[in-house]
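S.K.: Return a 3D structure for these sequence lines:
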Amino acid sequence: MRWFRLILPLIAALGAGACGNGNEGPAGLGEPTGSNPSGGEETTGGNGTNPTGGSGETPTPDETVLDERVVDYNEALRTASLKLVRNLPTLQQIKNVELATDKKAAYTAEIDAMLADPRFTERMIKWWKDTMRQAGGAADNKPSRDTAPNFAARVTVEGRPYTDLFTATENTCPGYDNQARAFTDGNCNNNVPQHAGVLTNPGVMMQFNGNLAFRRVRWVQEIFVCTKFPAEYAEKPVQTENGNDYVSPWDFESIGTTPIDFQDTQSVVCANCHTTMNHIAPLFGNFDGNGMWTNQIQVMTPTVPDPVKTELSHWLRPGETTAWRMGQPVEDLPALGKVMAQDPAVIECAVARMYNFAMSKEDIVSDLATVPPAVLEPWITEFTTNGMKLNQTLRAILLSDDFVKF
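M.R.: Got it, this is the predicted structure:
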């Protein structure tokens, strides 16, 4: 309900504008004709009134409804407790903050205690399951779909660098002992020559198995870059012969045309997405339907009347190599993980997901709960200077004015 409390003063302000001046703008929100909503130099409307409907003084440009908030550490404690350990704070915790001489220090101590609580570990496991769209133990000779979220949660709560999600080579398939309330080591034994964090996880590869490995590529893009395809844009789009815009920076002819014509432009420009997708997908093609690695391509190409085993030429034209983005060639999944670990878009996505978790926002991709870059900027700086530790960035957000003021 934080968003509701924040927006109430804004609703009131808009209502006051509508009632205080009968000269409404096109949106019907009470903005007088000729007013400057940015708070800059004012021009008057037909009746010469001030845009605020007040005394005639122009408001200070830097003042916003957010400046009306006040610090409330008890409310912040309650909100944080529900997020971090999924329980309301105890009476003792409330007293610890309410009766403290230094309420900020007392609140900080309670946040640190919750971040060290086993319930926070379990909260992160659940959160990563939801985020990764993964869950389910091993059964019927199928790999567990819990191990990737477990590994991400472990990286988070233990304060390991976020980049381990893409570069770690051992213990990337941990379990969780519910009795001991602790992680247990575990390797992903699916024959991969060298592991690369969750990028080689058998549960992920099994769940997102599909034609030409495109579902696996989409999973990587949406979970760790926080955007759908297209993923790359040229400085200027180029029009195709059908008048559609080709926006990718890749050479249009870099992708295959048989048995599927990825250069087709009849209805949509397939290459806008597939110039990127087709350069990544071969890296995931050797995993079979159970997430096991083999030395040959295992995915299928959906041809009519019967699918056929995919070949490299189905994705790319001769001479093309696999790559994360244009100008960033990668030869295998460990190389992909290293490039992703340095990608600013991947870093921004991690911070945005943590910010949304703290602020009770929905998913960035499926719910379009995006965060303005200006809001994320200080947290990205904090994240990159603290060794890319998500738990430390979350802590900083929970201690910030945006969280403790209401």
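S.K.: alpha carbons only for contacts and neighbour counts from here, please
M.R.: Fine.
S.K.: Give me the neighbour count for Q263.
M.R.: Q263 has 20 neighbouring residues, counting by other CA atoms under 10 Å.
S.K.: Not counting sequence-adjacent ones, nearest residue to it?
M.R.: Among residues not flanking Q263 along the chain, A271 sits closest, at 5.7 Å (CA to CA, 6 or more residues apart in numbering).
S.K.: didn't that neighbour look like it was pressed against D261?
M.R.: No. Using CA atoms under 8 Å, A271 makes no contact with D261, being 9.5 Å away.
S.K.: quick one, what contacts the residue nearest to Q263?
M.R.: A271 makes contact with 246, 248, 252, 255, 262-264, according to CA atoms under 8 Å, 6 or more residues apart in numbering.
S.K.: If we use 10 Å, what do you get?
M.R.: 230, 246-248, 250-256, 261-265, 277-278 (CA atoms under 10 Å, 6 or more residues apart in numbering).
S.K.: Ok, K389 next?
M.R.: By CA under 10 Å, 6+ apart, the neighbours of K389 are 155-163, 382-383.
S.K.: Out of those, the closest to F357 would be?
M.R.: T156 (13.1 Å; CA to CA).
S.K.: May I have the phi/psi pair for Y176?
M.R.: For Y176, the backbone dihedrals are phi -140, psi 120 (criterion: degrees, to the nearest 10).
S.K.: Now it: closest residue in space that isn't a chain neighbour?
M.R.: The shortest distance from Y176 to any non-neighbouring residue, by CA to CA, 6+ apart, is to F183 (4.3 Å).
S.K.: Give the rounded mean pLDDT of the host helix or strand of the one you found.
M.R.: Per DSSP states H and E, F183 falls inside strand 182-184. Mean pLDDT, strand 182-184: 98.
S.K.: who's in contact with the following helix or strand past it?
M.R.: Proceeding N to C from strand 182-184, the next assigned helix or strand is helix 202-207, under DSSP H and E. Outside helix 202-207, the residues within contact range by CA under 10 Å, 6+ apart are 132-138, 142-149, 173, 188-192, 198-199, 208-209, 213, 215-216, 219-220, 284-293.
S.K.: ok so, going back, which of the contacts of A271 count as buried?
M.R.: 230, 246-248, 250, 252, 254-256, 262-263, 265, 277-278 (16 or more other CA atoms under 10 Å).
S.K.: number of nearby residues for the closest residue in space to H195 that isn't next to it in sequence?
M.R.: Nearest non-adjacent residue to H195, counting by CA to CA, 6+ apart: T169, 4.7 Å away. If you count neighbours by other CA under 10 Å, T169 ends up with 17.
S.K.: Also M206?
M.R.: 20.
S.K.: Let me see the confidence value for it.
M.R.: So, for M206, pLDDT stands at 98.
S.K.: For G387, see how far away it is.
M.R.: 32 Å (CA to CA, to the nearest Å).
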